[in-house]
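Asks: Here's my sequence, what's the structure:
(one chain, ligands or ions: 1)
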Amino acid sequence: MNDDNKLITVTSPLLPDLDEFHEMLKEIWDSKWITNNGSFHKQLEKELAEYLKVPYVSLFTNGTLPLITALQALHITGEVITTPYSFVATTHALWWNGIKPVFVDIDPSTGNIDPEKIESAITSRTTAIMPVHVYGKPCDTKKIQSIADKYGLKVIYDAAHAFGVEVNGESVLNAGDLSTLSFHATKVYNTIEGGAMIMHDEQTKKRIDYLKNFGFHGETEVIAPGINSKMDEIRSAYGILNLRQVDAAIEARHQVAIKYRNALREVDGITFFDDMPGVRHNYSYFPIFIDSEKYGMSRDELYFKMKESNVLGRRYFYPLISEFSTYKGLPSAGRENLPNAHKMADSVICLPMYHSLTDMDVQKVISILKREKAE
Ligand code: T4K
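Replies: Okay, the predicted model is just below:
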């Protein structure tokens with residue numbers, strides 16, 4: 001029996017076992033070391049580097065500050081090429097560094113920045129490219145790197161959605177100069193609030209570790225104008241426990257994706273992404289795209305109809321970042337420059353997707369989309 005009053009939200013967090021967490025809290029209480037590079041913080045950085053198959057991880061307090069810090073660390077100035085199809089934090093990180101964002105349209109087959117359109121947006125002021133692996137779908141990192149190499153640009157990936165994503169067995173987080181992750185409650189892997197930066201060498205790791213701790217090197221020396229964006233011991237402990245169950249969570253999400261795809265493939269007017277060959281996906285989101293004419297209902301009508309039935313999908317990422325008042329006046333923000341991004345933003349609904357979504361919940365979502373109930 002369906003409980004029609006139950007809210008089915010777009011996501012629900014992966015939570016550690018409370019008794020195990022309590023044991024770790026006891027250790028923290030005993031040690032009285034609660035933040036500033038404590039033992040759980042060190043352990044989580046090490047375990048994440050192994051799990052993610054990357055050389056170095058620096059933990060952060062959320063997924064926005066590593067973006068801001070990455071731009072500082074690489075001394076990025078002037079203009080940075082980026083995508084409008086993302087969460088607003090991507091562009092905010094540029095703005096907070098006094099950098100002018102230059103929006104480039106997306107490839108409709110992935111939702112990621114279209115590498116074919118990057119070169120024509122490069123000017124003498126361009127210093128970097130900041131792409132996003134949106135929904136965890138890997139960008140064309142080879143093509144982006146070849147453009148960056150040709151023009152001497154840095155590449156910082158906003159990999160907030162790409163936890164554990166691999167291409168042909170290699171982590172997508174190893175691409176570019178730096179990558180950043182978000183461990184927010186709504187992500188595949190969460191530490192409540194949290195995030196990380198991935199780097200290739202020990203020297204950069206040291207520099208980032210200084211920068212996230214006010215720039216302190218030892219007790220009395222400050223080597224750069226750093227910020228405070230450290231993760232504490234409590235969230236590090238929580239993260240250690242969640243890492244042990246993240247593979248099972250990703251597999252449960254995979255099963256939900258299979259059910260959605262099997263049921264929705266034949267629905268006229270609904271499209272979605274299939275898995276990419278050679279890619280280990282994390283199923284962080286399940287976006288569908290509504291063609292109003294074929295489906296016979298607009299995206300927004302469907303979105304509100306789902307809401308009436310207590311199914312709270314989300315229109316990630318509508319509106320486009322380029323439509324927000326801070327960015328709307330930028331020369332690259334014009335609608336004519338970003339037709340594919342507008343089309344995707346105007347047609348998307350992210351369906352409920354999380355490890356503990358029950359079969360009954362999935363069937364309820366499907367039945368609304370298939371309009372199996374009388375309208
Ligand atoms: N770059 C990209 C590409 C990003 O997507 C993000 C964040 C960032 C950078 C920045 O990373 P952080 O600084 O945030 O670490 C959410 C998240 O706040 C945000 O982290 C995320 N992207 C963005 C896409 O979505 P909201 O405002 O849509 O979430 P909210 O609070 O409406 O939650 C959605 C649903 O999740 C709720 O209806 C129920 C469920 N939920 C949520 C929370 C917070 C729970 O069940 N428990 C919870 O504690 O922004």
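Asks: Using just helix, strand and coil, how would you label Ile258?
Replies: Using DSSP: H, G, I helix; E, B strand; the rest coil, the secondary structure recorded for Ile258 is helix.
Asks: how deep is it tucked in, by neighbour count?
Replies: The burial count assigned to Ile258 is 12, neighbours taken as other CB atoms under 10 Å. C-betas here are computed from N, CA, C, even on glycine.
Asks: next one: Phe216
Replies: Neighbour number of Phe216 under other CB under 10 Å is 16.
Asks: what does this protein put close to the ligand?
Replies: Neighbours of the ligand within the chain, by CB under 6 Å from any ligand atom: 9-13, 62-64, 86-87, 89-90, 132, 158, 160-161, 182, 184-186, 195, 312, 314, 316.
Asks: Quickly list the domain ranges of this structure.
Replies: With automatic domain parsing as the criterion, the domains of the chain are listed as 18-243, 246-374.
Asks: so of the ones you listed, which one's packed in deepest?
Replies: Neighbour counts (mean count of other CB atoms under 10 Å) averaged over each of the domains of the chain peak at domain 18-243, with a mean of 20.
Asks: Please list all residues in contact with the closest residue to the ligand within the chain.
Replies: In the chain, the residue that lies nearest the ligand is Gly63 (2.7 Å; CB to the nearest ligand atom). Taking CB atoms under 8 Å, 6 or more residues apart in numbering as the contact definition, Gly63 lies against Ala89, Ala160, Thr180, Leu181, Ser182, Phe183, His184, Lys187, Gly194, Gly195.
Asks: If we use 10 Å, what do you get?
Replies: Contacts for Gly63 were tallied using CB atoms under 10 Å, 6 or more residues apart in numbering; they are 87, 89-90, 93, 158-161, 180-184, 187, 193-197.
Asks: For it, which non-adjacent residue is spatially closest?
Replies: Excluding its sequence neighbours, the residue lying closest to Gly63 (CB to CB, 6 or more residues apart in numbering) is Ser182, at 2.5 Å.
Asks: Okay, and the beta partners of that neighbour?
Replies: Ser182 forms beta bridges with Gly195, as assigned by DSSP bridges.
Asks: now Phe289
Replies: Thr271, Val348.
Asks: and it, what does it touch?
Replies: For Phe289, the contacting residues are 108, 111, 269-273, 295, 299, 343-344, 346-349, taking CB under 10 Å, 6+ apart as the criterion.
Asks: residue boundaries of the helices in the stretch 1-150 of the chain?
Replies: All helices of the stretch 1-150 of the chain, identified by DSSP state H, counting those that start in this stretch, fall at 18-31, 39-52, 65-73, 89-96, 141-151.
Asks: To Val246, which of these lies closest?
Replies: Closest approach to Val246 among these is made by helix 39-52 (7.8 Å; CB to CB).
Asks: tell me the angle the closest one makes with helix 18-31.
Replies: Here helix 39-52 runs at an angle of 130 degrees relative to helix 18-31 (axes from the mean of the first three to the mean of the last three CA atoms, to 10 degrees).
Asks: that older thread, figure out which of the helices of the stretch 1-150 of the chain is closest to Ala224.
Replies: When those are compared for distance to Ala224 using CB to CB, the nearest one is helix 65-73, at 7.8 Å.
Asks: In a markdown table, list the domains of the chain along with mean pLDDT.
Replies: Written out in a markdown table, the entries for these read as follows (pLDDT from 0 to 100):
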| stretch | mean pLDDT |
| --- | --- |
| domain 18-243 | 98 |
| domain 246-374 | 96 |
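Asks: Which one of the ones you listed lies nearest to Asp4?
Replies: For the domains of the chain, the distance to Asp4 is smallest for domain 246-374, at 6.6 Å, taking CB to CB.
Asks: related to what we said a few turns ago, want to throw the domains of the chain into CSV with distance to Asn5?
Replies: Putting the domains of the chain into CSV (distance: least, CB to CB, whole Å) gives the following:
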stretch, distance to Asn5
domain 18-243, 23
domain 246-374, 7
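Asks: Please name the residues that touch Leu173.
Replies: Leu173 makes contact with 52-54, 57, 133, 138, 157, 159, 162-166, 179-181, 196-199 under the criterion CB under 10 Å, 6+ apart.
Asks: circling back to that earlier point, out of the helices of the stretch 1-150 of the chain, which is closest to His281?
Replies: Nearest to His281 among those is helix 39-52 (14.7 Å), distances taken as CB to CB.
Asks: Counting by contacts, list what that closest one packs against.
Replies: helix 18-31, strand 56-60, strand 178-182, strand 195-199, helix 202-211, helix 233-264 (3 or more CB pairs under 10 Å, 6 or more residues apart in numbering; DSSP states H and E).
Asks: Give me the contact list for the first one.
Replies: Applying CB under 10 Å, 6+ apart, the external contacts of helix 18-31 come out as 15-17, 33-35, 38-40, 232-234, 236-238, 240-242, 244.
Asks: could you give the angle of it to helix 233-264?
Replies: The directions of helix 18-31 and helix 233-264 differ by 160 degrees, with the same axes, to 10 degrees as the criterion.
Asks: Sounds good, over and out.
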